[in-house]
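Need coordinates for the below:
(4 chains)
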Number of protein chains: 2
Amino acid sequence: MQDRITIKDVAERAGVSYQTVSKVLNHQAKVKPQTEARIRKAAEDLGYQPDQAASSLRSRRSRMIGYSGSPWPANQANPILDQFLQGMLHAAERAGYYLLCFPHHTGERQVEPYRQLIESRRVDGFVVSGVEYDDPRLQFLLDKGFPFVAFGRSNVGMRFSFVDVDGKAGMRKVVEHLVARGRRHIAALSWPDNSRVGQDRMAGYREAMQSAGIDINPDWIARGEGSVTFGHQVMQGWLALPSERRPEAVAAFNDGMAVGAMQAIQENRLAVGVDLAVTGFDDLPMTQYLTPPLTTVRLPVAEIGERVIKMLVNSLENNSAEVQHELVEPELVVRQSSTGEKASGD
Amino acid sequence: MQDRITIKDVAERAGVSYQTVSKVLNHQAKVKPQTEARIRKAAEDLGYQPDQAASSLRSRRSRMIGYSGSPWPANQANPILDQFLQGMLHAAERAGYYLLCFPHHTGERQVEPYRQLIESRRVDGFVVSGVEYDDPRLQFLLDKGFPFVAFGRSNVGMRFSFVDVDGKAGMRKVVEHLVARGRRHIAALSWPDNSRVGQDRMAGYREAMQSAGIDINPDWIARGEGSVTFGHQVMQGWLALPSERRPEAVAAFNDGMAVGAMQAIQENRLAVGVDLAVTGFDDLPMTQYLTPPLTTVRLPVAEIGERVIKMLVNSLENNSAEVQHELVEPELVVRQSSTGEKASGD
DNA sequence: TAAGCTCTAGCGAACGTTCGCCTTACTTAA
DNA sequence: TTAAGTAAGGCGAACGTTCGCTAGAGCTTA
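Okay, here's the model as predicted:
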């Protein structure tokens, strides 16, 4: 650790005042091209790296974006989030920002970290993920007028920028696929009513059923907390019904419930994909290796991460308060759990 | 966004000089208890949050820890890392630090982000994960004399602090379990020779085999890149052997290869857990829902994350250059893939 | 009674930038 | 010729802390 190279060293070497160096390196101020070249060369030669603390202090910008870890239920470790993070990291790097990660808390104190980060001037903006209805974090940030972009939508009335998966479109694809394979009695393993994501996916289910001219049987809609156990229990219930009241396909709103349903079916000595079709949602890494492999919906999570960052950085740099929305359409991944076909090799 | 509350506002309210406020809030300087109480109350009343940039500029400490995203192969999204991150985040928060996350790059430029973060004074130390032999990041940080703690070991000669999973102990447990279930012809789906993690686990395999008095058949040791495909291929080869030269158990060094092996076995109409036992390593989230559920080794990754941060923070605060090592013993999770027993309900 | 010590707290300076205004030299128009 | 305009870069100040030293008050000791 030798003496730090400061902007003054660069200035001296380039034969200009140090403030001019600052101008060139930031504002793109007006200087002669030669001078600029001289300064850039000097900076390069010396390996100059601006001291971020000094820069932040004066400019009031930290070039940091706050992001709280997964607010998802802790028990179901979400591999999806890793991809989201990767997407954000790369986009942030390209834009010259870093991510500041902090843990998520539940309950009343969940906005506390946000307040601290804002007031200590550590971040320029936030990425808020795992958004739900009446999210206190969103309300807090809106009240403060602090920049952020959300991964996910919330109440219709709240005006803020977001990127989200088009769950409706995804679910529509699922149902259309099942219908195309000749299934009409399609049950839904859904999410609680108060779940924004659940409602979105449910809307796709309803739309597609309606388009196909199929009546929805309320008995075939179960709402639960998305666990394997829940999927298993509900499926057992359906299998206990007399055969004419039993569904011939189950569209689960996440992969966990689909796995539970598959287990229940197999315990009843029925063949998944043949006797009953099962589909999931999210495309967790292992689902392609289940027996049979699970038909599911793949979310382009890394891409969403990139878009979220781009949107946020854009609004930070332009100081624009305009809100933007992006919906990304997910992709149906057809595997044997819905078709009953034999695996075709690898 | 109103006027910022600075240390001077606090000082005025408490009737002392602002430098004294700083002393009280940081160094725990010697002041009369009453004065201290008055200052703390004033800070509280005003909701004072120190400006981190100013603090960093003067004190040369950012209270940030750098951590690069997953260096794991991008194709196999690693759900484990999410837990690691969560563990770190919570420990860091308790210690008053935040994590600065940045993307991992491969090749020659992989140390570049480290250099930048150091020189721009953004971080006080690093957590380096996914460590392997001859890791250029470790060498760079050692050369610079910059504080870091690694998740994982590297070359024997390098002196640095780390926390690691005791893969040897984990693998020993696996083999002992298989032997206890009456298996003796135990094959290993291992990792490349140049993998530090692979060597560690392999040592456990060898030790346990030796302790059990079983000769190791070199034909039953395969080394590959850890993919499902690799496990599948190798297993097919073993199954093609005449029955007396065929292993009766397969210990895979990660869950992916175990899944591949299971598939190959099932394609040959053999029963996993009965005809051949299969075990994995890592306990990925979905493995408990495979058919049959996979016996594997669970790594306490969140705990490791916490320990890594504690160790790093400790060395930062005490300015201690002493190196520390911690090995965490993983836990064997016995499921049906190695026992062939029926599922006992849920 | 003077010297010395301890306990409190104050004060000037510095950390390394960026901001905004100012100066100088040169060009152009009237 | 002169006023005005423009390009190029200099300069003082400020951002909000923490560091290290100093000063005064009160107490002890020889």
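
distance of the closest residue to chain B within the stretch 151-300 of chain A from DNA strand C?
For the stretch 151-300 of chain A and chain B, the shortest gap (Cβ to the nearest Cβ) falls at A:M286, measuring 3.2 Å. The way it works is simple: take the backbone N, C-alpha and C, and place the C-beta from them, glycine included. Counting by Cβ to the nearest atom of the strand, to the nearest Å, the gap from A:M286 to DNA strand C is 47 Å.

With A:Q139 instead?
Applying Cβ to the nearest atom of the strand, the value for A:Q139 to DNA strand C is 30 Å.

Remind me which helix or strand that residue belongs to.
Under DSSP states H and E, the secondary-structure element containing A:Q139 is helix A:136-144.

Distance from that helix to the middle of the chain?
Using Cα atoms, centre = their mean, to the nearest Å, the distance from the centre of helix A:136-144 to the centre of the chain it belongs to is 19 Å.

Equivalent analysis for stretch A:225-243, please.
Chain-centre distance of stretch A:225-243: 28 Å, with Cα atoms, centre = their mean.

go on, stretch A:261-274?
With Cα atoms, centre = their mean as the basis, the mean position of stretch A:261-274 lies at 31 Å from the chain mean.

What residues sit buried inside that stretch?
The neighbour-count check on stretch A:261-274 (16 or more other Cβ atoms under 10 Å in any protein chain shown) flags A:261-265, A:272-273 as buried.

The top helix by length along chain A - contacts with which helices or strands?
When chain A is scanned for its longest helix (criterion: DSSP state H), the result is helix A:301-318. Contacts defined by 3 or more Cβ pairs under 8 Å, 6 or more residues apart in numbering or on different chains; DSSP states H and E place helix A:301-318 against strand A:64-68, helix A:80-95, strand A:125-129, strand A:148-151, strand A:161-165, strand A:325-328.

The fourth one pairs with which strands, and in what direction?
The one in question is strand A:148-151. strand A:125-129 (parallel), strand A:161-165 (parallel) (DSSP bridges).

how about these in a markdown table, adding distance to DNA strand D?
Putting the strands paired with strand A:148-151 into a markdown table (distance: least, Cβ to the nearest atom of the strand, whole Å) gives the following:
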| stretch | distance to DNA strand D |
| --- | --- |
| strand A:125-129 | 19 |
| strand A:161-165 | 28 |
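
would you list the ones you listed in JSON lines and tack on distance to DNA strand C and mean neighbour count?
Supplementary listing: the strands paired with strand A:148-151 in JSON lines, determined by distance: least, Cβ to the nearest atom of the strand, whole Å; neighbours: other Cβ atoms under 10 Å in any protein chain shown:
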{"stretch": "strand A:125-129", "distance to DNA strand C": "17", "mean neighbour count": "23"}
{"stretch": "strand A:161-165", "distance to DNA strand C": "24", "mean neighbour count": "22"}
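
For B:F84, which of those strands is the nearest?
Across the strands paired with strand A:148-151, B:F84 has its closest neighbour in strand A:125-129 (18.2 Å, Cβ to Cβ).

got the contact list for that closest one?
The set of residues that contact strand A:125-129 without belonging to it, under Cβ atoms under 8 Å, 6 or more residues apart in numbering or on different chains, is A:65-68, A:70-71, A:81, A:84, A:88, A:99, A:114, A:117, A:135, A:137-138, A:141, A:146-152, A:308-309, A:312, A:315-316.

three-state assignment of the nearest residue to A:R60 once chain neighbours are set aside?
Nearest-residue entry for A:R60: A:R121, 6.8 Å, with adjacent residues in sequence omitted and distances by Cβ to Cβ, 6 or more residues apart in numbering or on different chains. In terms of secondary structure, A:R121 is coil; the call rests on DSSP: H, G, I helix; E, B strand; the rest coil.

ok, A:R121 - contacts?
For A:R121, the contacting residues are A:56, A:60, A:62, B:51-53, taking Cβ under 8 Å, 6+ apart as the criterion.

Now it: phi and psi?
With angles defined as degrees, to the nearest 10, A:R121 shows backbone torsions of phi 60, psi 30.

do A:A222 as well
With angles defined as degrees, to the nearest 10, A:A222 shows backbone torsions of phi -120, psi 140.

Might one say that it is in contact with A:A187?
Yes: at 7.5 Å, A:A222 and A:A187 qualify as touching, with contact defined as Cβ atoms under 8 Å.

So which of these two has more stuff around it?
For A:A222 versus A:A187, neighbours defined as other Cβ atoms under 10 Å in any protein chain shown are more numerous around A:A187 (25 against 21).

and the more buried one, that's in a helix?
No: the secondary structure assignment for A:A187 gives strand rather than a helix, going by three-state DSSP.

check contacts around it.
Contacts were defined as Cβ under 8 Å, 6+ apart; by that measure A:A187 touches A:217, A:220-222, A:238, A:247, A:249-251.

what separates it from A:A212, distance-wise?
A:A187 sits at a distance of 15 Å from A:A212 (criterion: Cβ to Cβ, to the nearest Å).

same check, this time on A:D282
As it turns out, when the distance is counted by Cβ to Cβ, A:D282 lies 24 Å from A:A212.

More neighbours: which of these two?
Each of A:D282 and A:A212 had its neighbours counted (other Cβ under 10 Å), and the higher figure belongs to A:D282 (23 against 14).

For that one, report the pLDDT, please.
At A:D282 the predicted local distance difference test score is 92.

now the residue lying closest to it once chain neighbours are set aside: how far from DNA strand C?
Nearest-residue entry for A:D282: A:D255, 4.9 Å, with adjacent residues in sequence omitted and distances by Cβ to Cβ, 6+ apart. As defined by Cβ to the nearest atom of the strand, A:D255 lies at a distance of 47 Å from DNA strand C.

From what I see, A:D255 and A:T295 are in contact.
No: using Cβ under 8 Å as the test, A:D255 is too far from A:T295 to be in contact (10.4 Å).

residues contacting A:S195?
A:132-133.

Mind doing that once more with 6 Å?
Contacts here follow Cβ atoms under 6 Å, 6 or more residues apart in numbering or on different chains; on that basis A:S195 touches nothing.

what's the answer for A:F160, then?
Applying Cβ under 6 Å, 6+ apart as the definition, the contact partners of A:F160 turn out to be A:V323.

Report the separation between the residue of the stretch 151-300 of chain A at minimum distance from DNA strand D and A:D166.
The shortest separation between the stretch 151-300 of chain A and DNA strand D is 27.1 Å, found at A:F160 (distances taken as Cβ to the nearest atom of the strand). Remark: distance between A:F160 and A:D166 (Cβ to Cβ) = 18 Å.

Show me which residues of the stretch 51-200 of chain A are close to DNA strand C?
Proximity of the stretch 51-200 of chain A to DNA strand C is confined to A:51, A:54-55, A:57-59 under the rule Cβ under 7 Å from any atom of the strand.
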